[in-house]
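> turn this into a structure:
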Amino acid sequence: MRGTALRILQAAEAVIYLFAGFLIAAGAALLLFSTLTEGIQHLWQGDYERVALGLLDRVLLALMLAEILYTLARFAREGGLEATPFLVIGIIAAIRRMLVLTVEALGKFDPKDPAFLAALAELALLAFTVLAFALAIRWIRPVGGQSKPGLRDSSPP
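Residues are numbered from 1 along each chain as shown. Purely as a prediction, here's the structure:
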């Protein structure tokens, strides 16, 4: 009885993860398609800054979704979650925000403006976040490929 209940719960969990994965894949496809159509529209209007910013922002968001999808697929295959893919998603998200913030701030360069100083502070915090995530990945998966005791390596076999 207990074994049957456990198998039912595990199957339900797998279905939930797979369904979420399909939704993420569909969302990423729609995101990329809308980015392409809007990019072409802005390109024809001569709004090159919006084309560059839109491509940068949305393609990096699609990469984040792809990393989440990879994590879900790996969980469905192996049955365990790992920290490394989430740290990679965090790095991509922080770099995405840094790039978008930098592009947005290019036209507002005034060192005395409080908004500019706030943008600089946010950039510094994001840079620290990227560094912290990179160090966490390094701690989880050292250069030699050996994992720390008790932690699984997320690199492909």
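
> can we go C-alpha only for contacts and neighbour counts from here?
OK.

> phi, psi of D113?
phi -70, psi 130 (degrees, to the nearest 10).

> how many neighbours does T102 have?
By the criterion of other CA atoms under 10 Å, T102 has 14 neighbours.

> oops, could you answer that again for L65 instead?
The burial count for L65: 19, using other CA under 10 Å.

> skipping its backbone neighbours, what lies nearest the residue most central in space within the chain in space?
With distances taken as CA atoms, centre = their mean, the residue of the chain nearest its centroid is M64 (2.7 Å). With CA to CA, 6 or more residues apart in numbering as the criterion, M64 has its nearest non-adjacent residue at 5.5 Å, and that residue is I89.

> does the one you found touch E67 like I think?
Yes: I89 lies in contact with E67 (CA atoms under 8 Å); the separation is 6.5 Å.

> give me the more crowded residue out of the two.
I89 (20 against 17).

> how close does the residue nearest to the centre of the chain get to A105?
23 Å (CA to CA, to the nearest Å).

> kindly provide the distance from the residue nearest to the centre of the chain to A73.
Taken as CA to CA, the span from M64 to A73 is 14 Å.

> now swap in I89 and tell me
15 Å.

> how is the chain carved up into domains?
Here the domain assignment for the chain is 1-80, 82-145, based on automatic domain parsing.

> need the ones you listed in TSV with mean pLDDT, can you?
Listed next are the domains of the chain as TSV, based on pLDDT from 0 to 100:
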stretch	mean pLDDT
domain 1-80	87
domain 82-145	85
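
> tell me the contacts of the residue nearest to the centre of the chain?
89, 92-93 (CA atoms under 8 Å, 6 or more residues apart in numbering).

> nearest to F22 among those?
I89 (18.3 Å; CA to CA).

> return the set of buried residues in the strand or helix carrying that closest one.
Counting by DSSP states H and E, the element that carries I89 is helix 84-105. Neighbour counts over helix 84-105 (16 or more other CA atoms under 10 Å) mark 84-101, 103 as buried.
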